[in-house]
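>>> Sequence plus predicted model, see below.
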Amino acid sequence: MAVLIHLPNSTPTLGIHASHISISKSLLRPSMTVSKLQPLRRLSHHLRRRSLAVSASAVRQDTTLWTPTPLLQISPAAESLFNITIDVSESPELAASYTKAGQYLQLRLQDSDSKPSFLAIASAPSLAASKGVFEFLVKSVAGSTAELLCGLNKGDLVELTPAMGKGFDIDQISPPENYQTVLIFATGSGISPIRSLIEEGLNANVRSDVRLYYGARNLDRMAYQDKFKEWKSSGVDIVPVLSQPDDSWTGERGYVQAAFTRERGNYGPQSTGAVLCGQKQMAEEVTAVLVADGVSSDKILKNF
(Lines give C-alpha, C1' and ligand atoms only; values in the text may rest on other atoms or scores of the structure.)
Protein backbone atom coordinates (compact mmCIF):
# COMPACT_ATOMS: atom_id res chain seq x y z
CA MET A 1 0.00 0.00 0.00
CA ALA A 2 1.42 3.43 -0.92
CA VAL A 3 1.33 6.25 1.65
CA LEU A 4 1.22 9.86 0.58
CA ILE A 5 3.72 12.00 2.54
CA HIS A 6 4.05 15.77 2.32
CA LEU A 7 7.66 16.72 2.91
CA PRO A 8 8.73 20.33 3.34
CA ASN A 9 10.05 22.03 0.21
CA SER A 10 9.18 19.06 -1.97
CA THR A 11 6.45 17.84 -4.20
CA PRO A 12 4.08 15.04 -3.16
CA THR A 13 5.76 11.65 -3.54
CA LEU A 14 4.54 8.12 -3.63
CA GLY A 15 6.66 5.52 -1.91
CA ILE A 16 6.62 2.28 -0.01
CA HIS A 17 10.03 2.47 1.71
CA ALA A 18 10.04 1.47 5.37
CA SER A 19 11.46 4.83 6.44
CA HIS A 20 8.57 6.62 4.76
CA ILE A 21 6.03 4.40 6.45
CA SER A 22 7.66 4.93 9.84
CA ILE A 23 7.69 8.70 9.45
CA SER A 24 4.13 8.88 8.31
CA LYS A 25 2.89 6.70 11.21
CA SER A 26 4.51 9.01 13.70
CA LEU A 27 2.90 11.99 12.03
CA LEU A 28 -0.52 10.42 11.81
CA ARG A 29 -0.57 8.71 15.28
CA PRO A 30 1.97 10.10 17.74
CA SER A 31 3.09 7.57 20.36
CA MET A 32 3.49 8.18 24.12
CA THR A 33 7.22 8.12 24.78
CA VAL A 34 8.88 6.95 28.03
CA SER A 35 9.95 10.51 28.87
CA LYS A 36 6.32 11.65 28.67
CA LEU A 37 5.24 8.85 30.99
CA GLN A 38 7.73 9.70 33.75
CA PRO A 39 5.86 12.73 35.19
CA LEU A 40 2.64 10.73 35.35
CA ARG A 41 4.42 7.87 37.10
CA ARG A 42 5.93 10.26 39.63
CA LEU A 43 2.53 11.88 40.25
CA SER A 44 0.91 8.48 40.72
CA HIS A 45 3.65 7.45 43.16
CA HIS A 46 3.27 10.73 45.11
CA LEU A 47 -0.50 10.29 45.38
CA ARG A 48 -0.11 6.71 46.59
CA ARG A 49 2.39 7.82 49.27
CA ARG A 50 0.15 10.69 50.36
CA SER A 51 -2.83 8.36 50.61
CA LEU A 52 -0.82 5.95 52.76
CA ALA A 53 0.38 8.82 55.00
CA VAL A 54 -3.18 10.09 55.52
CA SER A 55 -4.34 6.56 56.30
CA ALA A 56 -1.50 6.06 58.78
CA SER A 57 -2.31 9.38 60.45
CA ALA A 58 -5.94 8.37 60.80
CA VAL A 59 -4.88 5.10 62.42
CA ARG A 60 -2.68 6.96 64.92
CA GLN A 61 -5.53 9.31 65.84
CA ASP A 62 -7.90 6.39 66.28
CA THR A 63 -5.56 4.76 68.80
CA THR A 64 -5.77 7.68 71.25
CA LEU A 65 -7.42 6.43 74.43
CA TRP A 66 -10.17 8.77 75.65
CA THR A 67 -11.91 8.18 78.97
CA PRO A 68 -15.18 9.96 79.95
CA THR A 69 -14.88 11.61 83.36
CA PRO A 70 -17.26 13.91 85.30
CA LEU A 71 -16.57 17.44 86.46
CA LEU A 72 -16.61 17.87 90.22
CA GLN A 73 -16.12 21.60 90.54
CA ILE A 74 -15.54 24.79 88.56
CA SER A 75 -14.69 27.98 90.42
CA PRO A 76 -12.96 31.30 89.65
CA ALA A 77 -9.22 31.37 90.39
CA ALA A 78 -8.42 34.89 89.13
CA GLU A 79 -9.49 37.14 86.28
CA SER A 80 -10.01 34.86 83.21
CA LEU A 81 -8.66 31.87 85.18
CA PHE A 82 -10.69 28.98 86.60
CA ASN A 83 -10.03 26.10 88.98
CA ILE A 84 -11.42 22.90 87.52
CA THR A 85 -11.59 19.60 89.39
CA ILE A 86 -12.29 16.35 87.53
CA ASP A 87 -13.19 13.02 89.13
CA VAL A 88 -10.97 10.15 87.97
CA SER A 89 -11.79 7.83 90.89
CA GLU A 90 -13.68 5.48 88.56
CA SER A 91 -10.74 5.44 86.13
CA PRO A 92 -7.77 4.21 88.17
CA GLU A 93 -5.65 3.85 85.04
CA LEU A 94 -5.87 7.63 84.53
CA ALA A 95 -4.84 8.37 88.11
CA ALA A 96 -1.97 5.88 87.85
CA SER A 97 -0.68 7.47 84.63
CA TYR A 98 0.16 10.68 86.52
CA THR A 99 3.49 10.00 88.20
CA LYS A 100 5.49 13.25 88.06
CA ALA A 101 4.71 16.91 88.68
CA GLY A 102 4.71 18.84 85.41
CA GLN A 103 2.94 16.22 83.32
CA TYR A 104 -0.06 17.17 81.17
CA LEU A 105 -2.89 15.54 79.25
CA GLN A 106 -5.42 16.20 76.51
CA LEU A 107 -9.02 17.08 77.26
CA ARG A 108 -11.91 17.19 74.82
CA LEU A 109 -15.61 17.94 75.15
CA GLN A 110 -18.27 15.41 74.32
CA ASP A 111 -20.60 16.17 71.39
CA SER A 112 -18.42 19.05 70.25
CA ASP A 113 -16.36 19.75 67.15
CA SER A 114 -13.85 21.79 69.16
CA LYS A 115 -10.23 20.71 69.19
CA PRO A 116 -8.77 18.95 72.23
CA SER A 117 -6.85 21.13 74.69
CA PHE A 118 -3.51 20.32 76.29
CA LEU A 119 -3.69 21.04 80.03
CA ALA A 120 -0.98 20.81 82.68
CA ILE A 121 -2.18 19.06 85.82
CA ALA A 122 -2.08 21.51 88.74
CA SER A 123 -2.63 19.07 91.61
CA ALA A 124 0.09 16.77 92.91
CA PRO A 125 0.34 13.13 91.76
CA SER A 126 -0.24 12.06 95.37
CA LEU A 127 -3.67 13.74 95.31
CA ALA A 128 -4.68 11.67 92.29
CA ALA A 129 -3.57 8.51 94.08
CA SER A 130 -5.28 9.34 97.39
CA LYS A 131 -8.48 11.13 96.32
CA GLY A 132 -8.89 10.21 92.66
CA VAL A 133 -9.02 13.76 91.30
CA PHE A 134 -7.15 15.91 88.83
CA GLU A 135 -7.13 19.68 89.33
CA PHE A 136 -6.40 22.21 86.59
CA LEU A 137 -5.90 25.95 86.25
CA VAL A 138 -7.57 26.89 82.98
CA LYS A 139 -7.36 30.21 81.17
CA SER A 140 -10.61 31.02 79.38
CA VAL A 141 -9.81 32.29 75.89
CA ALA A 142 -12.66 33.45 73.64
CA GLY A 143 -13.58 30.90 70.99
CA SER A 144 -11.44 28.12 72.49
CA THR A 145 -12.19 24.71 73.97
CA ALA A 146 -11.03 26.17 77.29
CA GLU A 147 -13.83 28.75 77.17
CA LEU A 148 -16.43 26.03 76.57
CA LEU A 149 -14.91 23.94 79.36
CA CYS A 150 -15.12 26.82 81.83
CA GLY A 151 -18.83 27.17 81.00
CA LEU A 152 -19.74 23.59 81.96
CA ASN A 153 -21.41 22.49 85.18
CA LYS A 154 -20.78 19.94 87.90
CA GLY A 155 -21.57 16.45 86.62
CA ASP A 156 -20.95 17.25 82.96
CA LEU A 157 -18.71 14.73 81.22
CA VAL A 158 -15.43 15.49 79.50
CA GLU A 159 -12.94 13.07 78.00
CA LEU A 160 -9.30 12.75 79.07
CA THR A 161 -6.23 10.99 77.78
CA PRO A 162 -3.72 9.45 80.19
CA ALA A 163 -1.08 11.84 81.54
CA MET A 164 1.88 12.35 79.23
CA GLY A 165 5.17 14.21 79.08
CA LYS A 166 8.36 13.89 81.10
CA GLY A 167 7.36 16.30 83.85
CA PHE A 168 9.99 18.01 86.00
CA ASP A 169 13.00 15.75 86.46
CA ILE A 170 13.75 16.61 90.09
CA ASP A 171 16.38 13.87 90.19
CA GLN A 172 18.60 16.33 88.30
CA ILE A 173 18.71 18.60 91.35
CA SER A 174 18.85 15.93 94.03
CA PRO A 175 19.86 15.17 96.72
CA PRO A 176 18.76 18.49 98.25
CA GLU A 177 21.90 18.88 100.34
CA ASN A 178 23.90 19.14 97.08
CA TYR A 179 21.53 21.70 95.54
CA GLN A 180 20.80 24.16 98.29
CA THR A 181 19.44 26.83 95.91
CA VAL A 182 16.39 26.24 93.72
CA LEU A 183 15.10 29.17 91.66
CA ILE A 184 11.57 28.80 90.29
CA PHE A 185 10.07 31.04 87.59
CA ALA A 186 6.44 31.11 86.48
CA THR A 187 4.22 33.49 84.53
CA GLY A 188 0.43 33.55 84.17
CA SER A 189 -1.19 30.11 84.02
CA GLY A 190 2.32 28.63 83.94
CA ILE A 191 2.01 28.55 87.74
CA SER A 192 -0.22 25.48 87.31
CA PRO A 193 2.46 22.74 87.07
CA ILE A 194 4.65 24.70 89.50
CA ARG A 195 1.91 24.30 92.09
CA SER A 196 1.98 20.53 91.56
CA LEU A 197 5.76 20.55 92.04
CA ILE A 198 5.68 22.57 95.26
CA GLU A 199 2.86 20.52 96.76
CA GLU A 200 4.35 17.18 95.71
CA GLY A 201 7.50 18.11 97.59
CA LEU A 202 10.72 19.90 96.69
CA ASN A 203 12.31 19.23 100.05
CA ALA A 204 12.37 23.01 100.29
CA ASN A 205 12.53 22.85 104.08
CA VAL A 206 15.99 21.23 103.91
CA ARG A 207 17.35 23.56 101.23
CA SER A 208 18.71 26.95 102.21
CA ASP A 209 17.30 29.06 99.37
CA VAL A 210 14.14 28.20 97.42
CA ARG A 211 12.57 31.17 95.61
CA LEU A 212 9.50 31.44 93.38
CA TYR A 213 9.40 34.42 91.03
CA TYR A 214 5.76 34.55 89.94
CA GLY A 215 4.72 37.07 87.31
CA ALA A 216 1.27 38.37 86.39
CA ARG A 217 -0.21 41.57 85.00
CA ASN A 218 -1.73 42.57 88.36
CA LEU A 219 -3.05 40.98 91.53
CA ASP A 220 -6.43 40.33 89.90
CA ARG A 221 -4.65 38.09 87.36
CA MET A 222 -2.57 36.21 89.95
CA ALA A 223 -3.96 32.78 90.86
CA TYR A 224 -3.28 30.76 94.02
CA GLN A 225 -2.72 33.73 96.33
CA ASP A 226 -4.67 31.73 98.91
CA LYS A 227 -1.91 29.11 98.81
CA PHE A 228 1.04 31.45 99.37
CA LYS A 229 1.00 31.01 103.15
CA GLU A 230 1.06 27.21 102.81
CA TRP A 231 3.87 27.35 100.25
CA LYS A 232 5.93 29.67 102.45
CA SER A 233 5.51 27.33 105.40
CA SER A 234 6.96 24.53 103.26
CA GLY A 235 10.11 26.58 102.70
CA VAL A 236 9.38 28.46 99.45
CA ASP A 237 10.04 32.21 99.43
CA ILE A 238 7.53 33.84 97.07
CA VAL A 239 8.40 36.93 95.03
CA PRO A 240 5.28 38.25 93.21
CA VAL A 241 6.16 40.40 90.19
CA LEU A 242 3.49 42.58 88.55
CA SER A 243 3.94 44.08 85.09
CA GLN A 244 1.00 46.53 85.36
CA PRO A 245 0.23 47.03 89.06
CA ASP A 246 -1.86 49.81 90.56
CA ASP A 247 -0.28 52.66 92.47
CA SER A 248 -0.62 50.93 95.83
CA TRP A 249 1.72 48.08 94.86
CA THR A 250 5.06 48.20 96.69
CA GLY A 251 6.53 44.91 95.51
CA GLU A 252 8.52 43.96 92.42
CA ARG A 253 7.45 45.52 89.14
CA GLY A 254 8.09 44.55 85.52
CA TYR A 255 8.96 41.03 84.42
CA VAL A 256 10.29 38.12 86.47
CA GLN A 257 13.57 37.91 84.56
CA ALA A 258 14.29 41.57 85.34
CA ALA A 259 13.28 41.15 88.98
CA PHE A 260 15.62 38.19 89.35
CA THR A 261 18.49 40.04 87.67
CA ARG A 262 18.05 42.96 90.08
CA GLU A 263 18.11 40.89 93.24
CA ARG A 264 19.59 37.51 92.39
CA GLY A 265 22.19 37.93 95.15
CA ASN A 266 25.11 35.64 95.80
CA TYR A 267 24.31 32.01 95.10
CA GLY A 268 26.61 29.14 94.23
CA PRO A 269 25.95 28.16 90.60
CA GLN A 270 27.39 24.69 91.12
CA SER A 271 24.85 23.99 93.84
CA THR A 272 21.88 25.63 92.10
CA GLY A 273 18.93 24.22 90.19
CA ALA A 274 16.10 26.04 88.46
CA VAL A 275 12.54 25.30 87.31
CA LEU A 276 10.82 27.31 84.55
CA CYS A 277 7.28 27.41 83.21
CA GLY A 278 5.52 30.17 81.31
CA GLN A 279 6.23 32.58 78.49
CA LYS A 280 8.88 31.52 76.01
CA GLN A 281 10.74 34.83 76.19
CA MET A 282 10.91 34.63 79.96
CA ALA A 283 12.27 31.09 79.84
CA GLU A 284 14.91 32.01 77.26
CA GLU A 285 16.09 35.13 79.10
CA VAL A 286 16.20 33.47 82.52
CA THR A 287 18.09 30.52 81.06
CA ALA A 288 20.64 32.87 79.48
CA VAL A 289 21.23 34.66 82.81
CA LEU A 290 21.59 31.41 84.76
CA VAL A 291 23.96 29.81 82.26
CA ALA A 292 26.05 33.00 82.17
CA ASP A 293 26.30 32.80 85.97
CA GLY A 294 27.59 29.24 85.68
CA VAL A 295 24.48 27.13 86.32
CA SER A 296 24.62 23.91 84.31
CA SER A 297 21.94 23.77 81.61
CA ASP A 298 20.88 20.25 82.67
CA LYS A 299 19.98 21.67 86.09
CA ILE A 300 17.44 24.04 84.51
CA LEU A 301 14.22 22.04 84.44
CA LYS A 302 11.25 22.42 82.10
CA ASN A 303 8.23 20.18 81.67
CA PHE A 304 8.32 20.00 77.86
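It's in.

>>> Lowest mean pLDDT among the helices and strands, pick that one out for the protein.
Within the chain, confidence by mean pLDDT, DSSP states H and E is lowest for strand 13-15 among all helices and strands, at a mean of 41.

>>> Identify the residues contacting residue 142.
Residue 142 makes no contacts at all, as judged by Cβ atoms under 8 Å, 6 or more residues apart in numbering. In short, each C-beta sits where N, CA and C put it, glycine included.

>>> That one in helix, strand or coil?
Counting by DSSP: H, G, I helix; E, B strand; the rest coil, the backbone at residue 142 sits in coil.

>>> Could I get the pLDDT score of it?
Per-residue pLDDT puts residue 142 at 93.

>>> State the next helix or strand along the chain beyond the longest strand along the chain.
In the chain, taking DSSP state E as the definition, the longest strand is strand 67-78. Using DSSP states H and E, the next helix or strand after strand 67-78 towards the C-terminus is strand 81-87.

>>> For that next one, which outside residues touch it?
For strand 81-87, the surrounding residues in contact (Cβ under 8 Å, 6+ apart) are 69-77, 122, 132-140, 149-150, 158, 160, 189, 221, 223.

>>> List only buried entries from the residues you listed.
69, 71-72, 74, 77, 122, 132-140, 149-150, 158, 160, 189, 221, 223 (16 or more other Cβ atoms under 10 Å).

>>> Residue 155 versus the residue nearest to residue 157 when sequence neighbours are not counted, what's the distance?
Spatial nearest neighbour of residue 157, excluding adjacent residues (Cβ to Cβ, 6 or more residues apart in numbering): residue 68 at 4.8 Å. To residue 155, residue 68 is 12 Å away according to Cβ to Cβ, to the nearest Å.

>>> Doesn't residue 199 lie inside a strand?
No - counting by three-state DSSP, one finds residue 199 to be helix, located in no strand.

>>> Strands of the stretch 1-150 of the chain, residue ranges please.
For the stretch 1-150 of the chain, the strands defined by DSSP state E, counting those that start in this stretch cover 3-5, 13-15, 67-78, 81-87, 104-109, 117-120, 133-139.

>>> Can you lay out the ones you listed as CSV showing distance to residue 179?
Putting these into CSV (distance: least, Cβ to Cβ, whole Å) gives the following:
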stretch, distance to residue 179
strand 3-5, 93
strand 13-15, 98
strand 67-78, 31
strand 81-87, 31
strand 104-109, 25
strand 117-120, 23
strand 133-139, 27
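
>>> ranking the ones you listed by mean pLDDT, which is last?
Of all the strands of the stretch 1-150 of the chain, mean pLDDT reaches its minimum on strand 13-15 (a mean of 41).

>>> okay, the closest residue to residue 239 other than its chain neighbours: pLDDT?
Nearest non-adjacent residue to residue 239, counting by Cβ to Cβ, 6+ apart: residue 213, 4.9 Å away. pLDDT recorded at residue 213 is 98.

>>> can you give me the helices for the stretch 201-304 of the chain?
For the stretch 201-304 of the chain, helices defined by DSSP state H, counting those that start in this stretch occupy the ranges 228-233, 256-263, 280-293.

>>> Tell me which of the ones you listed is the most buried.
Highest mean neighbour count among the helices of the stretch 201-304 of the chain (mean count of other Cβ atoms under 10 Å): helix 256-263, with a mean of 18.
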